[in-house]
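Chemist: Here's a sequence, model it:
(one chain, ligands or ions: 1)
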Amino acid sequence: MSRFWSPFVRDLVPYVPGEQPKIANLVKLNTNEHPFGPSPRAIEAMKAAVGDDLRLYPDPNADLLKAAIADYFKLAEQGGDKSWVFVGNGSDEVLAHAFHGLFQHEQPLLFPDITYSFYHVYAGLYGIRHETVPLNERFEIDPADYARPNGGIIFPNPNAPTGCLLALDAIERMLQGSPDSVVLVDEAYIDFGGETAISLVSRYPNLLVTQTLSKSRALAGLRVGLAIGQPHLIEALARIKDSFNSYPLGRVAQAGARAAFEDRSHFDSMCEMVIMQRDSLSVKLERMGFEVLPSGANFVFARHPAHRGADLAAALRERAVLVRHFKQARIDDFLRITIGTPEQHRALLTALEEILG
Ligand SMILES: *Cc1c(COP(=O)(O)O)cnc(C)c1O
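Modeler: This is a model prediction of the structure:
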């Protein structure tokens with residue numbers, strides 16, 4: 001608090017990301033980073049982009065990157081092209097622009113009660129009326145609960161931090177139930193076994209899909225995210241971007257992100273490895289007595305009937321294993337555990353055996 005602050009800043013409640021401690025040998029399973037690393041071709045492309053050209057501004061429209069993304073998602077087959085693509089400095093920035101540009105209406109924005117906590121923060125930042133919709137008793141989104149007047153709908157698919165995946169036909173029902181407002185599907189984790197809603201974009205003028213290179217493409221440090229939708233939605237985002245920062249992606253980020261989309265084989269095999277590790281970790285946790293929600297993401301959400309979530313997280317931390325715990329009703333006893341390497345999983349399971357006794 002400072003006398004120099006505006007009343008607006010005084011009232012902001014910022015997002016709190018998972019901690020990034022500077023401790024060596026930590027088993028870091030708390031922020032859903034990728035365990036295996038980015039495409040070597042992306043790294044080469046970024047190295048090649050570091051040179052004298054950095055004195056020049058980057059392409060403000062990131063046209064080559066957008067073309068690579070349009071190509072990767074085969075937008076031409078739906079009659080689309082790179083004008084259906086928006087890119088930003090992490091999908092968080094893309095989401096912020098969507099809140100600002102597409103969700104400010106008379107009716108409330110709807111999102112799940114248990115979801116990505118940044119949605120509350122953006123609604124607060126932009127003063128957007130919003131209401132939360134409870135997940136059902138299996139921690140799933142029920143499309144019927146969203147069939148009411150609204151100024152927009154946003155949810156992650158799979159949801160975070162539960163990992164629960166929603167099928168495409170359920171998403172279609174939501175799109176049809178709210179034809180006059182934007183439905184934003186935040187697909188930060190879709191590549192770990194889900195089916196993207198991008199295939200629906202040509203048929204639904206109210207659909208916006210966001211993705212990120214931070215999770216499945218192992219480039220959280222690069223900060224690149226994207227949105228795909230029909231051009232009238234993309235134009236709203238571009239108008240905000242060009243009123244805020246014309247160059248959200250530098251030359252290195254554009255080059256690296258483009259190469260990451262072009263390297264399909266590295267991407268496919270890395271996703272497969274994470275899915276394999278997820279399924280084997282889930283089985284092992286269940287054997288230890290944990291209830292593990294079915295996950296379509298690169299993390300699992302699990303609780304133990306005999307232990308408080310906060311206690312488990314603290315005991316793991318003492319053993320240099322970091323997982324995420326949320327102090328929130330209904331999920332207070334769950335741990336969100338990022339999928340790591342086999343070695344990290346061994347350390348996690350050894351620590352849990354010790355704690356559970
Ligand atoms: C990680 C995450 C994002 C944001 O990722 P960026 O690193 O900003 O691209 C968005 N939505 C959800 C649900 C996430 O978990």
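Chemist: Can you get me a residue count around the residue lying closest to Phe290 once chain neighbours are set aside?
Modeler: In space, and not counting its chain neighbours, Phe290 is closest to Ala302: 4.4 Å by Cβ to Cβ, 6 or more residues apart in numbering. (C-beta placed from N, C-alpha, C; glycine too.) Other residues near Ala302 come to 24 when the count uses other Cβ atoms under 10 Å.
Chemist: secondary structure element for Ala302?
Modeler: strand 299-303 (DSSP states H and E).
Chemist: is that strand anywhere near the ligand?
Modeler: No - judged by Cβ under 6 Å from any ligand atom, strand 299-303 stays clear of the ligand, getting no closer than 9.0 Å.
Chemist: That strand packs against which elements?
Modeler: helix 264-287, strand 291-292, strand 334-338 (3 or more Cβ pairs under 8 Å, 6 or more residues apart in numbering; DSSP states H and E).
Chemist: What's the first helix or strand after the last one?
Modeler: To tie it back to what came earlier, the one meant is strand 334-338. helix 342-356.
Chemist: which residues does the residue nearest to Phe290 form a beta bridge with?
Modeler: Beta-bridge pairing for Ala302 (DSSP bridges): Val292, Leu335.
Chemist: Contacts only, for it.
Modeler: 282, 285, 290-293, 334-335, 337 (Cβ atoms under 8 Å, 6 or more residues apart in numbering).
Chemist: Name only those of those residues that count as buried.
Modeler: Neighbour counting with 16 or more other Cβ atoms under 10 Å marks 282, 285, 290, 292-293, 334-335, 337 as buried within those.
Chemist: Tell me the one of those residues nearest the ligand?
Modeler: Ile337 (14.2 Å; Cβ to the nearest ligand atom).
Chemist: for that closest one, what are its contacts?
Modeler: Contact analysis of Ile337 by Cβ under 8 Å, 6+ apart lists 29, 281, 285, 299-302, 323-324, 348.
Chemist: do the same with Pro108
Modeler: Taking Cβ under 8 Å, 6+ apart, one finds 129-131, 150-151 in contact with Pro108.
Chemist: For the buried ones among these, write the corresponding PyMOL selection.
Modeler: PyMOL command restricting those to the buried ones, with burial defined by 16+ other Cβ under 10 Å:
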select buried, resi 130+150+151
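Chemist: my guess is Pro342 contacts Gln277, does it?
Modeler: Yes - applying Cβ atoms under 8 Å, one finds Pro342 in contact with Gln277, separated by 6.8 Å.
Chemist: Out of these two, name the residue with the larger neighbour count.
Modeler: Between Pro342 and Gln277, counted using other Cβ under 10 Å, the more crowded position is Gln277 (19 against 12).
Chemist: How about that one, nearest residue that isn't a chain neighbour?
Modeler: By the measure of Cβ to Cβ, 6+ apart, the closest residue to Gln277 outside its immediate chain neighbours is Ile339, 5.0 Å from it.
Chemist: ok, that neighbour - contacts?
Modeler: Applying Cβ under 8 Å, 6+ apart to Ile339 gives the contacts 29, 35, 274, 277-278, 281, 298-300.
Chemist: Kindly report the same for Pro156.
Modeler: Contacts of Pro156 (Cβ under 8 Å, 6+ apart): 115-116, 185-189.
Chemist: Let's see the helix or strand bottoming out on mean pLDDT in the chain as CSV, backbone CA atoms only.
Modeler: Lowest on mean pLDDT, DSSP states H and E among the helices and strands of the chain sits helix 7-10, with a mean of 90. Once non-C-alpha atoms are left out, helix 7-10 reads as follows in CSV (Å, rounded to 0.1, in the frame of the first residue of the first chain):
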residue,chain,number,x,y,z
PRO,A,7,-7.9,3.4,-5.8
PHE,A,8,-8.1,0.9,-8.7
VAL,A,9,-4.7,-0.7,-7.8
ARG,A,10,-5.6,-0.7,-4.1
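Chemist: Please list which of the contacts of Pro156 also come close to the ligand.
Modeler: Answer for the contacts of Pro156 near the ligand (Cβ under 6 Å from any ligand atom): 116, 186, 188.
Chemist: who wins for most neighbours among these?
Modeler: Asp186 (29 neighbours).
Chemist: My guess is Gln104 contacts Leu125. True?
Modeler: No - applying Cβ under 8 Å, one finds Gln104 not in contact with Leu125, separated by 11.4 Å.
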